[in-house]
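Undergrad: what follows is a predicted protein model with its sequence.
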Amino acid sequence: MEGLELIIEMLPLIIPIVLIDLIFKIYVIIDILKEDRKVKGGNKIVWIVVSMVINFGWVIYLIFGKDEWWK
């Protein structure tokens with residue numbers, strides 16, 4: 001039961017992290033799918049896969065994927 005108790009103890013820390021990750025993933029997908037959005041490499045599908053499959057892949061997109069980071 002030690003493992004279960006540890007998980008229950010960590011939930012107040014884990015839940016906000018998971019929610020923040022989910023919110024940013026949704027934001028990045030919406031941003032990538034904008035008609036006027038240009039991404040590095042020109043392939044939006046690749047950036048969607050990167051942002052969804054890799055843990056915190058949205059950070060990679062926000063740093064390296066946006067062609068115009070100020071928009």
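TA: Nice, I can see it. Numbers count the residues shown, from 1 in each chain.
Undergrad: show me what counts as buried in stretch 29-45.
TA: 29, 31, 32, 37, 39, 44 (16 or more other Cβ atoms under 10 Å). Where C-beta positions appear, they are placed from N, C-alpha and C, glycine not excepted.
Undergrad: quick check: the farthest pair among those residues?
TA: 29 and 39 (12.1 Å; Cβ to Cβ).
Undergrad: which helix is the longest one in the protein?
TA: Across the chain, the longest stretch assigned as helix under DSSP state H is helix 2-33.
Undergrad: tell me the angle of the next helix-or-strand element following it relative to helix 2-33?
TA: Downstream of helix 2-33, the first helix or strand assigned by DSSP states H and E is helix 44-53. Following axes from the mean of the first three to the mean of the last three Cα atoms, to 10 degrees, one obtains 160 degrees for the angle between helix 44-53 and helix 2-33.
Undergrad: for helix 44-53, which residues meet the burial criterion?
TA: For helix 44-53, burial by neighbour count (16+ other Cβ under 10 Å) applies to 44, 47, 48, 50, 51.
Undergrad: residue 18: which of those is nearest?
TA: Nearest to residue 18 among the buried residues of helix 44-53, with distances taken as Cβ to Cβ, is residue 51, at 15.5 Å.
Undergrad: so where's this protein shaky on pLDDT?
TA: 1, 69-71 (pLDDT under 70).
Undergrad: re earlier: could the buried residues of helix 44-53 be laid out in JSON lines, adding distance to residue 62?
TA: Formatted as JSON lines, those follow (distance: Cβ to Cβ, whole Å):
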{"residue": "44", "distance to residue 62": "15"}
{"residue": "47", "distance to residue 62": "10"}
{"residue": "48", "distance to residue 62": "14"}
{"residue": "50", "distance to residue 62": "11"}
{"residue": "51", "distance to residue 62": "9"}
